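[1] turn this into a structure:
(chains A and B)
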Amino acid sequence: MKFSSSGYLIKEGIKNIWNNRMMSLASIFVLVSCLIITGAATLVSLNVTSLISSIGDDNMINVYLNYELSEIDSIKLGSSISKIPNVQSCEFYSKDDAITDYKETLGNLYESMQGDGNPMPNVYKVQLKDLSKYSDTIKEIKSIDGVASVSDRSDIARKLTKLNSFVTIIGSWIVLILGIVTLFIISNTIRMTMYSRRFEISIMKSVGATNAFVRIPFMVEAMTIGLIAGLISSITLIAAYEPIRSAAAETFYFIGQSSVPIDNLWISILLGLSGAGMLIGLLGGFISITKYLRKEGGEILGW
Amino acid sequence: MIHLKNVSKVYANGTEALRNISLDIEQGEFVFIVGASGAGKSTFLKLLIHEEKATFGKINVAGFDLMKIRKRKVPYLRRKMGIVFQDFRLIEKMNVYDNIAFAMRAIGSPEKSIKKRVGAVIDIVGLNGKEKSRPSELSGGEQQRVSLARALVNNPEMIIADEPTGNIDPKMSYEIMKKLVMINKRGTTVIVVTHDHELVRSFGGRVILIGGGEIIRDEIMPSKIDSDEHVKDGGAAE
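    Numbering: from 1, shown residues only, chains lettered A, B, ... in the order given. Purely as a prediction, here's the structure:
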């Protein structure tokens, strides 16, 4: 193809979209739906991963002691915890400190919960050295006499990992199904355009146009449909992301701390979805054009 | 220019469209291919433009060995020929100028040479002043002249006209034939497929009769029209 023809071919491709606007609109609509679901699933997965990672990074655990354990025994138990090799620090947090921290929340009840009426257990705030030995260290701490329970965050991390896999699996299936539907719709759109321009194609071939030359306007059309859908879906996701993140953060405080802000994401969303849209368009267009270009003469015209 | 040796074509359904055909058409010849419907004329044309591949034999067109030609080379074979269709195959949404220019755009010619060349062929076929008209605004004869201009615009070595007068009245048919003769006088090989025997008798020249997939006759017929008149009338628009 000569460089001088590229402007003409691109113009023809854009003209195709307008001439075939109803099918183009349908393709854009389906592709936008597919890309929004793909993008949303990716963003949820990204935030869940970030949450899991932030939980993992927080290597502080709470060790709750038996309620009946005396103050002296509780302090002694602290030295047993400190002796565990993977424990970096071990800070005592007495039940009196705990109830004082809840003073404002408790209001009038606070007075009655002083001394023997205090329902809080003594706690050790333990910091670990190596998170990979998390489970073994938890087991060791639990085996110390006088320890009632340990705030085991690995359970939360496990649940979130499960959620992440679930989102990934469901997201992948939805994307796969919608991807196939989109490919089908785009390749049909291109096939319709090719059919409506069959005279031109047969003439082009009869005067010696190469297949690449015939193909380019249709590829431009398919890629432009993909690009438009990519831009619409990325702008929609970028616009909706922060309001959804704020609403989620109001319900679950930890989401506010660990979720990824839009400033770090918008370029990736824009480029990723626009690129994906163009790629799907390219693929859908290529399938139908290649099939059509194998035809010759009267076959092109449907005779 | 065109050399066929022992060429046969058998379609997938078993129909033997051409049987053991051998012929040579040299550069600058004017040849009529005649025969009844189903005689094998269309298959013969399809072999020349490589829409179909021969089952047996050897075909060489404009230096291309059509039994061995690669798919990507076929467009370059077709650039050596201009095809005129019975049904004109003009694009209704384009005007006369764009219909002709389309053939040049399709092979990536620059706009500057398109403008120059389209103007020249419009002149040759005598369509001056009709550049902006749509095909539906033209008579059958005028539409066929647009089709002829489109076939000529890429300056091919040969013109293949498939029943060029099939859809137009006798007077216009005569005009179109005169244009083809004039183009031939300038050195372009012209092959006309027709079943209009009256036209063949009028213009004469080499006539190849195909019947039942075989060449029945290949002879030179005298023209009933003065050859100088062809050139004079056909070239009048130049």
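[2] number of residues surrounding residue 90?
    I'll assume chain A. 19 (other Cβ atoms under 10 Å in any protein chain shown). Every residue, glycine included, has its C-beta placed from N, CA and C.
[3] oops, chain B please
    Neighbours of B:L90 using other Cβ under 10 Å come to 23.
[4] go on, A:I269?
    Other residues lying near A:I269 total 22 when counted by other Cβ under 10 Å.
[5] got it, and B:F85?
    The number of residues near B:F85, taken as other Cβ under 10 Å, comes to 21.
[6] over to the one 3 residues further on?
    Residues lying near B:F88 (other Cβ under 10 Å) number 21.
[7] Three-state assignment for it, please.
    Assigned by DSSP: H, G, I helix; E, B strand; the rest coil, the conformation of B:F88 is coil.
[8] element containing A:L25?
    Assessed by DSSP states H and E, A:L25 sits inside helix A:21-57.
[9] what sits up against the next helix or strand after that helix?
    With elements assigned by DSSP H and E, the helix or strand that comes after helix A:21-57 is strand A:60-65. Strand A:60-65 has contacts (Cβ atoms under 8 Å, 6 or more residues apart in numbering or on different chains) with A:74, A:77, A:81, A:93, A:121-128, A:138, A:141, A:146-153.
[10] list the contacts of B:N95.
    By Cβ under 8 Å, 6+ apart, the contact set of B:N95 is B:131-134.
[11] what's the pLDDT at B:D226?
    Note on B:D226: pLDDT of 59.
[12] so which helix or strand of chain A has the lowest pLDDT on average?
    Lowest on mean pLDDT, DSSP states H and E among the helices and strands of chain A sits helix A:298-301, with a mean of 62.
[13] can you show me the helices along chain A?
    A:6-19, A:21-57, A:71-83, A:95-101, A:103-106, A:109-112, A:134-142, A:153-196, A:198-206, A:211-251, A:253-258, A:266-293, A:298-301 (DSSP state H).
[14] list the buried residues of the first one.
    What that stands for is helix A:6-19. By 16 or more other Cβ atoms under 10 Å in any protein chain shown, the buried positions in helix A:6-19 come out as A:8-9, A:12-13, A:16-17.
[15] likewise for the fourth one?
    Applying a neighbour-count criterion of 16+ other Cβ under 10 Å, the buried positions in helix A:95-101 are A:95, A:99.
[16] mind telling me what element the closest residue to A:E296 other than its chain neighbours is part of?
    Excluding the flanking residues, the one nearest A:E296 by Cβ to Cβ, 6 or more residues apart in numbering or on different chains is B:E51, at 4.5 Å. Taking DSSP H and E as the definition, B:E51 sits outside all helices and strands.
[17] which parts of the stretch 201-303 of chain A sit against chain B?
    Within the stretch 201-303 of chain A, the positions near chain B by Cβ under 8 Å from any Cβ of the partner chain are A:202-211, A:213-214, A:296-298.
[18] and these, which is closest to B:R79?
    A:G208 (3.6 Å; Cβ to Cβ).
[19] that closest one: neighbour count?
    22.
[20] ok, B:N6 next?
    Neighbours around B:N6, by other Cβ under 10 Å: 12.
[21] contact partners for the residue positioned nearest the centre of chain B?
    In chain B, the residue lying closest to the centroid (Cα atoms, centre = their mean) is B:I160, at 1.8 Å. Residues counted as contacts of B:I160 (Cβ under 8 Å, 6+ apart) are B:45, B:48-49, B:81-84, B:191, B:193.
[22] select only the buried ones of the contacts of strand A:60-65 in ChimeraX?
    Entered in ChimeraX, the line below selects the buried ones among the contacts of strand A:60-65, by 16+ other Cβ under 10 Å:
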select /A:74,77,81,93,121,122,123,124,126,128,138,141,146,147,150,153
